[in-house]
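>>> Turn this into a model:
(chains A and B)
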Amino acid sequence: MNRGTVRSYFIGDAQADRVVPPSGFTAQLTLFAAGAMAFLAVFALALSLASGRLAHRWASELARSATIRISAPQDQLSDQTAVALKILRQTPGVARARALSQKEQADLLSPWFGPGLDLTTLPVPQLIEVTEDETGYDAQGLRLRLAAEVPGAVLDDHTRWRKPLVEAASSLRRLGLISILLIGGAMAAMITLAANAALAANAQVIEVLRLVGARDVYIASAFVRRFTLRALIGAVAGTVLGVAGLLLLPAASDEGGFLTGLGLQGLDWLWPLLIPVLGALVAFGATWAAARRRLKELT
Amino acid sequence: MIELEDVGYSYGGGELLSNVSVKLAPGSFHFLTGPSGAGKTTLLKLCYGALTPSSGRVLAFDADMRGLDRDQMALLRRRIGVVHQDCRFLDHLPVADNIALPLVVSGRDMLREAENLRELMSWVGLSARADARPPELSGGERQRAALARAVIMSPDVVLADEPTGNVDWDMSTRLLHLLVELNRMGKTVLIATHDLSLIRAAKSQVQARVLRISNRRLQLAGADL
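Here you go, the predicted model:
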């Protein structure tokens, strides 16, 4: 296929288009299938991008932080906290250690107990936020030292629940990508079926064209151009609707936790632009292959 | 132009043609006759590459057809004008577009060819029917349109399969006259027909040879029909 042929697909040839009779209903089915697939592809794309972002954030943020929980009678709590902070300052590998204020702790609990909670009335443990530096600290050594000097302290380095979360986000991302591939494959299958139906319905036309000296490229391109154009138009419509759906999702917020922020962010918004292009390419390939197969059967 | 060398053709079960050798010289005028089912259409199809011989070889313009790829075969068909028995039109296009179809599919500039097309339409007497669809045409009009389509690319060879199959005698002689005119313009013509009176009518106008298929063989019939 040379450059001229490729160009002629897109510029189109009014004469050549008339040679194959218009197909009405199946044309609309192709449009619909391409649109629906593009719509689904937008969400699969948003899902894999968002879960990829989530996995990355959880992996990096949680990996660098740990929490120490100090449970002690109210009168000893501040003493033990001070000792724990002192130990942490002396521990190599700890970049920063900070006891959470009453207000911060109340904020953490408010999703469960509601706002306006007075923590002083409850035996709430004191939390210390620990941030590692590049080298990291020896968690086992820190545990032993804390156990000796601060009996009520428990170190939680987050690995226990970080790993499954990151794994969950990564598999969500994988599922999203697989979905995109499946959507592409399903679209190729649908276009192939539609193209085969169109080629079969126009078998007479194709035979006549062949008899009067039309080359395969000419006959195939009459069909390829139609299906590519329909898939492109359908996919543009589906993508526009899908993106509109994403715009209606609530924005990322702390209150919503990880369920919000499933939409796209920043440059991610450019990715959906690829969907119609890929859809048209899939249709082009599928129709081309179907037409070549069908034409091979003719002399 | 077209040469069959010891060609045999068999359909699934039996042999239809065997040891057929014939040479269509440039400017020659041939009739192909024989009873129905003798293989006239098959022989024509072998000549324009719609069928491949089971044995022997077919040369078109000195090239073995077996060696042609699909694109070369398409180019070959542009040099051989064929009037099919059932005409083979695209029923959704008007007659004028059907006649111009070979020009369209070979990418000719239709504006430059418009005059050529108009002349051809008036030569076959279809100027007034240019916008009709093929199913609206009478038998004779269909045959004339098919002939016009066969010659619009100005081919070197014209093959016609029962061009007078279902038209009355007047129309038959008119079609014959058109084919004889083409021959006078230098085209090689091969007409398959079972109509012996058509062959007799042609004898007075042109130096025609008659090929007859009988018993799977092709024979040159005597001058005395």
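>>> Can you list the neighbours in contact with the longest helix along chain B?
Longest helix in chain B, counting residues (DSSP state H): helix B:169-184. Helix B:169-184 has contacts (C-beta atoms under 8 Å, 6 or more residues apart in numbering or on different chains) with B:27, B:29, B:123-124, B:139-140, B:143-144, B:147, B:151, B:158, B:160, B:163-164, B:167, B:189, B:191, B:195, B:197-198, B:201-202, B:205-206. All C-beta atoms are positioned from the backbone trio N, CA, C, and that covers glycine.
>>> repeat that with 7 Å
Contact with helix B:169-184 is made by B:29, B:124, B:140, B:143-144, B:147, B:151, B:158, B:160, B:163-164, B:189, B:191, B:198, B:201-202, B:205-206, as judged by C-beta atoms under 7 Å, 6 or more residues apart in numbering or on different chains.
>>> buried sites along whichever strand or helix holds B:R200?
Under the criterion of DSSP states H and E, B:R200 resides in helix B:196-203. Within helix B:196-203, the residues that count as buried by 16 or more other C-beta atoms under 10 Å in any protein chain shown are B:L198, B:I199, B:A201, B:A202.
>>> Note down every partner strand of whichever helix or strand comes after the longest helix of chain B and its orientation.
Scanning forward in sequence from helix B:169-184 by DSSP H and E, the next helix or strand is strand B:188-192. With DSSP bridges as the test, strand B:188-192 is paired with strand B:29-33 (parallel), strand B:157-161 (parallel).
>>> tell me the mean pLDDT over the first one?
It stands for strand B:29-33. Regarding strand B:29-33, the rounded mean pLDDT is 93.
>>> from the middle of its chain, how far away would the helix holding B:R200 be?
With C-alpha atoms, centre = their mean, to the nearest Å as the basis, helix B:196-203 stands 17 Å off its chain's centre.
>>> And it, what does it pack against?
For helix B:196-203, the elements it packs on are helix B:169-184, judged by 3 or more C-beta pairs under 7 Å, 6 or more residues apart in numbering or on different chains; DSSP states H and E.
>>> Which strand residues bridge the spatially most central residue of chain B?
For chain B, the residue whose C-alpha lies nearest the mean C-alpha position (C-alpha atoms, centre = their mean) is B:L159; its distance is 1.9 Å. Residues in a beta bridge with B:L159, per DSSP bridges, are B:V82, B:L190.
>>> sorry, back to before: and the strands paired with strand B:188-192, which is most packed in?
Compared across these, strand B:157-161 shows the largest average neighbour count, a mean of 24 (mean count of other C-beta atoms under 10 Å in any protein chain shown).
>>> which residues sit against it?
Residues from elsewhere that reach strand B:157-161, judged by C-beta under 7 Å, 6+ apart: B:1-2, B:24, B:41, B:44, B:47-48, B:80-85, B:150-151, B:179, B:182, B:187-192.
>>> Need the mean per-residue confidence for the helix or strand that comes right after the helix holding B:R200.
As assigned by DSSP H and E, the chain's next helix or strand after helix B:196-203 is strand B:208-214. Regarding strand B:208-214, the rounded mean pLDDT is 90.
>>> now swap in stretch A:17-37 and tell me
The average of the pLDDT scores along stretch A:17-37 is 84.
>>> So for it, what gets flagged as buried?
Going by neighbour count (16+ other C-beta under 10 Å), the buried part of stretch A:17-37 is A:19-20, A:23, A:26-27, A:29-31, A:33-37.
>>> same deal with stretch B:213-222?
In terms of neighbour count (16+ other C-beta under 10 Å), stretch B:213-222 has its buried residues at B:I213, B:R216, B:L218.
>>> Can you tell me the SS state at the last one?
The one in question is B:L218. With DSSP: H, G, I helix; E, B strand; the rest coil as the basis, B:L218 sits in strand.
>>> who does it bridge with?
B:L218 has these beta-bridge partners by DSSP bridges: B:I213.
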